[in-house]
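show me how the following folds:
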Amino acid sequence: MIRTKACVFLIALFPALPLSAAAQQPYDLLIRNGRVVDGTGNPWYYADVAISGDRIAAVGDLQNVRARRVIDASGLYVAPGFIDVHTHAGPGLATAELGSAEPLLAQGLTTVIVNPDGGGPLDLGAETAATGARRRGQRGAAHRSRLGPPRGARNGGPGGDAAGA
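Okay, here's the model as predicted:
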């Protein structure tokens, strides 16, 4: 008799249990039926992607999920933002008309490394002199001591030894 009452009590409480977070609150954005490329190196797969605020909240089969805005990505790829590791977009991004980076975002770029080869407004020569950093030749010498002379080096030439060693 006590077991029966306990079971009835639990069944009566079941409807009062909270629903999952996905069922309680709609997401801000739901991208349905996309081919997801997740950046892990695995092949793409069909999935839905739910977004809350500025974060990916869920990925998978989200058929029963609600969202304020839904995008049907059938036939399209869904991927995290791409990184441009070598761009000279710095001067353009510093202007009022391109400062929002909309052209880059439209291409899926969410991170850029601006002027990695030293171009740009910073005077690297003056910066190096001011900080007392090693000169390029000294760094090269340190590498040669570990790796041997550079390819094609002759006695007395770049990386060579004037004593003939």
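
please make it C-alpha for all contacts and neighbour counts, starting now.
Will do.

just for this protein, where's the confidence low?
Judged by pLDDT under 70, the chain has its weakly predicted residues at 1-24, 118-124, 127, 131-165.

where along it do the helices fall?
2-13, 21-24, 90-93, 102-106, 124-131, 136-147 (DSSP state H).

let's see the third one as CSV, backbone CA atoms only.
Output of helix 90-93 as CSV, limited to C-alpha atoms (Å, rounded to 0.1, in the frame of the first residue of the first chain):
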residue,chain,number,x,y,z
GLY,A,90,44.2,47.6,-40.9
PRO,A,91,44.1,51.0,-42.6
GLY,A,92,40.6,50.3,-43.9
LEU,A,93,39.3,49.0,-40.5
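
what's the lengthiest strand in the chain in contact with?
Criterion DSSP state E: the longest strand present in the chain is strand 27-36. By Cα atoms under 8 Å, 6 or more residues apart in numbering, the list of residues contacting strand 27-36 from outside reads 44-53, 65-79.

number of residues surrounding the closest residue to residue 71 other than its chain neighbours?
Closest residue in space to residue 71, ignoring its immediate chain neighbours: residue 31 at 4.8 Å, by Cα to Cα, 6 or more residues apart in numbering. The number of residues packed near residue 31 is 20, by other Cα atoms under 10 Å.
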